[in-house]
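**Student:** sequence and predicted model, in that order:
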Amino acid sequence: MVDLAILGFLSEEPLHGYELRVRIARLSGHVDTISHGTLYPAIKRMETAGLLTRTSQPGAAAAPRHVLALTDAGRAELREWLRDPPAPFITDENRWFALLAFLRYLPDRAAQAAVLRRRLTFLEQPSSFFYDGDRPLAAEDIDDPFRRGVLRIARATSKAEMTWLTETLDELTAPGNRSE
């Protein structure tokens, strides 16, 4: 998720490392905070791979500030991530939200629609947080009010997301709206 977020945020504008860290932290929220030990090695790896550049600017204090910018290779890498995201970016809600935050940078509406279809297909599969053997349990199957709450909230969230996905797919695939 960190690599995708770095590419996505730098596709919007060049950023100082600290600003990039703040934006990634806001995107991941309280669930997955980002440490210096995670961010800066990823930046260095991507810089070495030619996906981003680092330039120095005078800082407000004595130390210079490093500005990170995406290269053309970095933009191409971002488009590839978005066009064919690994399965966890479709099935894991936090990774999905990170992917969704930058999907607009994939210029092909048909490719955007293909990613949304993958998510919709995943959500349409019967699943649960709780099972009786191999059978997924629904909220109505559970006496525990707290587990029932988990399932009701998940069902409502999935239903809202599936509605949004269907509406957006209709929009993306409407005649005259297939590509930009």
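**Tutor:** Done, it's in.

**Student:** contacts, neighbours, all on C-alpha from now
**Tutor:** Will do.

**Student:** could you check how far the closest residue to L106 other than its chain neighbours is from L123?
**Tutor:** The spatial neighbour of L106 that comes closest, neighbours along the chain excluded (Cα to Cα, 6 or more residues apart in numbering), is R79 at 5.5 Å. Using Cα to Cα, to the nearest Å, we find R79 at a distance of 24 Å from L123.

**Student:** those two - which one has more neighbours?
**Tutor:** R79 (21 against 16; other Cα atoms under 10 Å).

**Student:** sort out which residues of the lowest-mean-pLDDT helix or strand in the chain are buried, please.
**Tutor:** Scoring the helices and strands of the chain by mean pLDDT, DSSP states H and E places helix 17-28 at the bottom, with a mean of 86. Neighbour counts using 16 or more other Cα atoms under 10 Å place G17, L20, R21, I24, A25, L27, S28 of helix 17-28 among the buried residues.

**Student:** if you count neighbours, what's buried in stretch 110-122?
**Tutor:** Neighbour counts over stretch 110-122 (16+ other Cα under 10 Å) mark A110, A111, Q112, A113, V115, L116, R117, R119, L120 as buried.

**Student:** pLDDT on the top helix by length along the chain, on average?
**Tutor:** Among the elements of the chain assigned as helix by DSSP state H, the one spanning the most residues is helix 145-173. Averaging pLDDT along helix 145-173 gives 95.

**Student:** tell me how far it lies from the chain's centre.
**Tutor:** For helix 145-173, the distance from its own C-alpha centre to the chain's C-alpha centre is 17 Å (Cα atoms, centre = their mean, to the nearest Å).
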